[in-house]
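Chemist: pasting the structure only:
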C-alpha cells in the first residue's frame, strides 16, 4: 500500500477544498457544492453515485464493487459553522502537524480518508464499499434517518468517521440523544388589575420542568439520564401574565429502558393549572446504542488489521450521539470514531493531527483489504 508525498498532497488539497465550501446545516446550496466535489472524486474511482435531496440538502450514496457484502462508510457534510467563519475566526491553516479550519475535524477529514483508503486498493482485492454522506447530522439527521436505514440494508459492517476519543480509541456504543420541545399555553391578563383572570404559562412551565427533573433523577431508573434545559422562552412584559412559554430539553440515555420510561413520562405530562395546556414534541431522536457482540467482533477485526501497522486499536462507549446510534441498532456490526485525532469540535480551537490522518488512512485500507 502506498503512502507517498503525492498521495499526501492530494489528500490535503481535497481537505482544503472541502473546508473552503462552508456547509452549515440546512444550507442547501453548500450541501450541493459538497456533493458535487465528493461525487466527482468517487466517480473517478469507478463508484456508482446517486444523490438524494431533502429539505435539508443533498445526501451522497456511492457504491463500489468488491468482495462480499459492502462495508458501510458513514459520514456527514454539514458543520456547525456559519458562512463567514473561514474568513473570520477560524481560517484554513497548516502548521506542521496541525490543520485548522471550520469542519476540518468534524468531519471533513473523515470524508477524504475514505477516498484515500479506497484509492490505495484500486488494483487490489478488497471488500465492497458503500459510502453514505448525509447532509444534516449536526441537527439530528431529521431528514435522512429513513434514508440511512435503506442504505444500510445488506451491509456487512458499518464504520463511522466521527472523531475518536482523545487518545484515539474508537467508539463502540453511544448514549441515546433526544431533544424535546415543551410548550405551555396559558391566558394573558393584566398582572395588577386582573391577575386572577390570567394563567401564567411561565409559572406552569417552571413547575413542569421541576416534574421533568424529578423524572430523570428517579432512583428506580435502570441507568443514569442526563438532562439539560438548553433554552427557555416566554412572556413579553412584566405587567402582563404570560400566555405562552416553552423550553427545549436535551436528554441523554445509556439504555433503551430508561429512555422509554422518561420519554413516556414527558408524553404524559398534564397541566397543573386549570385552563393551561402542555404539549411535548420530539424534535430529534437517536436511540441509545449499546455495544453488541457483533460490534466488539468488528473492533477486534480492526485491531488485528492495525497490528501489522504498529497501531494499537482500542474502543469504548462514548457520551455523544451520532448517526451510528441508528446503525448500531440495525443489527449491523458497527464502530465509530474512525476519524483522525485532534480536538476542538464545535469550537474555535478545532484542529486535526496530520500524522493521525495518515495512520487512519493506512488502517482503513488494511481493514478493507482484509
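Modeler: Arrived safely, thanks for sending. Everything numeric in this text was worked out from a predicted model, so none of it was measured. Residues are numbered from 1 along each chain as shown.
Chemist: Domain ranges for the protein, per the record?
Modeler: Per automatic domain parsing, the structural domains of the chain span 5-174+288-369, 176-286.
Chemist: gap between the two ends of the longest one?
Modeler: From its first residue to its last, domain 5-174+288-369 covers 22 Å (C-alpha to C-alpha, to the nearest Å).
Chemist: can you give me the strands for the stretch 51-200 of the chain?
Modeler: Along the stretch 51-200 of the chain, counting by DSSP state E, counting those that start in this stretch, strands occupy 57-64, 67-76, 93-95, 98-100, 127-134, 157-160, 170-174, 176-185, 189-190.
Chemist: Just send the domains of the chain back as TSV, with mean neighbour count and mean pLDDT too.
Modeler: (Each C-beta comes from the backbone N, C-alpha and C, glycine too.) Supplementary listing: those in TSV, determined by neighbours: other C-beta atoms under 10 Å; pLDDT from 0 to 100:
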stretch	mean neighbour count	mean pLDDT
domain 5-174+288-369	20	97
domain 176-286	16	96
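Chemist: how about CSV for the strands of the stretch 51-200 of the chain, with distance to residue 16 added?
Modeler: Compiled in CSV, the strands of the stretch 51-200 of the chain are given as follows (distance: least, C-beta to C-beta, whole Å):
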stretch, distance to residue 16
strand 57-64, 19
strand 67-76, 17
strand 93-95, 8
strand 98-100, 9
strand 127-134, 18
strand 157-160, 23
strand 170-174, 26
strand 176-185, 31
strand 189-190, 59
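Chemist: closest one to residue 212 among the ones you listed?
Modeler: Across these, residue 212 has its closest neighbour in strand 176-185 (7.4 Å, C-beta to C-beta).
Chemist: So which elements touch that closest one?
Modeler: Under the contact criterion of 3 or more C-beta pairs under 8 Å, 6 or more residues apart in numbering; DSSP states H and E, the helices and strands touching strand 176-185 comprise helix 201-216, strand 244-253, helix 256-267, strand 277-286.
Chemist: From residue 8, how far off is residue 364?
Modeler: Taking C-beta to C-beta, to the nearest Å as the measure, residue 364 falls 15 Å from residue 8.
Chemist: ok so, going back, closest to residue 13 out of the helices and strands packed on strand 176-185?
Modeler: For these, the distance to residue 13 is smallest for strand 277-286, at 33.7 Å, taking C-beta to C-beta.
Chemist: now the closest one against helix 256-267, angle please.
Modeler: Counting by axes from the mean of the first three to the mean of the last three C-alpha atoms, to 10 degrees, strand 277-286 lies at 150 degrees to helix 256-267.
Chemist: Show me what strand 277-286 packs onto, helices and strands only.
Modeler: With contacts defined as 3+ C-beta pairs under 8 Å, 6+ apart, strand 277-286 has these neighbours: strand 176-185, helix 256-267.
Chemist: Distance to residue 64 added to those, as a markdown table?
Modeler: Listed next are the helices and strands packed on strand 277-286 as a markdown table, based on distance: least, C-beta to C-beta, whole Å:
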| stretch | distance to residue 64 |
| --- | --- |
| strand 176-185 | 31 |
| helix 256-267 | 34 |
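Chemist: Can you say which of those is nearest to residue 75?
Modeler: For residue 75, the closest of the helices and strands packed on strand 277-286 is strand 176-185, at 18.2 Å, according to C-beta to C-beta.
Chemist: Can you tell me the closest non-neighbouring residue to the most centrally placed residue in the chain?
Modeler: Nearest to the geometric centre of the chain sits residue 322, at 3.2 Å (C-alpha atoms, centre = their mean). Spatial nearest neighbour of residue 322, excluding adjacent residues (C-beta to C-beta, 6 or more residues apart in numbering): residue 162 at 5.1 Å.
Chemist: And the residue lying farthest from the centre of the chain, how close does it get to residue 237?
Modeler: Farthest-out residue of the chain from its mean C-alpha position, per C-alpha atoms, centre = their mean: residue 193, at 50.6 Å. Remark: distance between residue 193 and residue 237 (C-beta to C-beta) = 13 Å.
Chemist: Then residue 344?
Modeler: Counting by C-beta to C-beta, the gap from residue 344 to residue 237 is 41 Å.
Chemist: ditto for residue 272
Modeler: 24 Å.
Chemist: do residue 363 as well
Modeler: Distance, residue 363 to residue 237, by C-beta to C-beta: 60 Å.
Chemist: now swap in residue 168 and tell me
Modeler: Separation of residue 168 from residue 237 (C-beta to C-beta) stands at 54 Å.
Chemist: Equivalent analysis for residue 223, please.
Modeler: 43 Å.
Chemist: and what of residue 157?
Modeler: Summarising the geometry, the distance separating residue 157 from residue 237, computed by C-beta to C-beta, is 58 Å.
Chemist: before we move on, what about residue 171?
Modeler: Relative to residue 237, residue 171 is positioned 48 Å away (criterion: C-beta to C-beta).
Chemist: now do residue 169
Modeler: Residue 169 is 53 Å from residue 237, where distance means C-beta to C-beta.
Chemist: looking at it, residue 353 is touching residue 100, isn't it?
Modeler: No: counting by C-beta atoms under 8 Å, residue 353 does not reach residue 100; the two are 11.3 Å apart.
Chemist: Surely residue 243 touches residue 184?
Modeler: No: proximity of residue 243 to residue 184 does not meet the contact threshold set by C-beta under 8 Å, at 9.3 Å.
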